[in-house]
Structure formats: C-alpha cells, structure tokens
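In: Build me a structure from this.
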Amino acid sequence: MTVEQRARSVGVHLVLIAYSALAVGPLLLVVMNSFKTRSAIFGAPLAPPDASTFSLVGYEKVFRASNILTYFSNSLIVTPSAWRSCCCLARWRPGR
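Out: Have a look, this model is predicted:
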C-alpha cells in the first residue's frame, strides 16, 4: 500500500468515524436524558445523570399511562409476519 493510498484510507475512516459520532451521539443523549428528572434535563442536558438527578419517573408514566407491553407484543407478532411476506414476495416471479 502506497503512502497516498494509506492517507486516503485514513481520511475515509476519519470521515466515517465523524459521521458515526454524529449519528449515534443524539441517540445516546436521548437515552442518557431518559434517566434524569425534567429539571435536570433542561438544566444540564449534556451531563450524565448522577445520584441527585437520576429518576425513572418517565418510565413509570409510560408503563402506567399506556399499554406499552401490548404494543410491544403486537410488534413482535407483526414484524416477523411482515418480514416473511417480504421474503415471499421477493422470491415470487410472476408469469413463470
């Protein structure tokens, strides 16, 4: 591998790492903030939760106010059947 090829490879990998950080960073921020109180989120959104800001109130509300387990079980039923239908349609050759 020449120096030019190595430099190009390093450059491509740096761009991919930067893009991955841009894509994954907001997801990690949402997950991290889901374990904090509302005032802690608005006070310091980039700080990780600590003993004084840690809270599961949001998760308690979700499980109490909605049928999240029903929705999840429906997804477990619909997803495999939709995947199977897509596979069958992909293999189907009309007119043969």
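In: Quick one: mean pLDDT over the host helix or strand of residue 59.
Out: In the assignment (DSSP states H and E), residue 59 maps to helix 57-65. Per-residue pLDDT over helix 57-65 has a mean of 89.
In: Tell me which residues are up against that helix.
Out: Residues outside helix 57-65 that contact it (CB atoms under 8 Å, 6 or more residues apart in numbering): 34, 37, 68-69. Just so you know, the C-beta spots here come from the backbone N, C-alpha and C atoms, and that holds for glycine as well.
In: And the residue nearest to the spatial centre of the chain, how close does it get to residue 21?
Out: When CA atoms, centre = their mean is applied to the chain, the residue found nearest the centroid is residue 27 (5.6 Å). According to CB to CB, to the nearest Å, residue 27 stands 11 Å off from residue 21.
In: circling back: of all pairs in the contacts of helix 57-65, which one is the farthest apart?
Out: 37 and 69 (24.6 Å; CB to CB).
In: out of those two, which sits in the busier spot?
Out: Neighbour count, other CB atoms under 10 Å: between residue 37 and residue 69, residue 37 has more, with 17 against 9.
In: circling back to that earlier point, could the contacts of helix 57-65 go into TSV alongside pLDDT and distance to residue 47?
Out: Listed next are the contacts of helix 57-65 as TSV, based on pLDDT from 0 to 100; distance: CB to CB, whole Å:
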residue	pLDDT	distance to residue 47
34	94	14
37	92	12
68	86	28
69	86	31
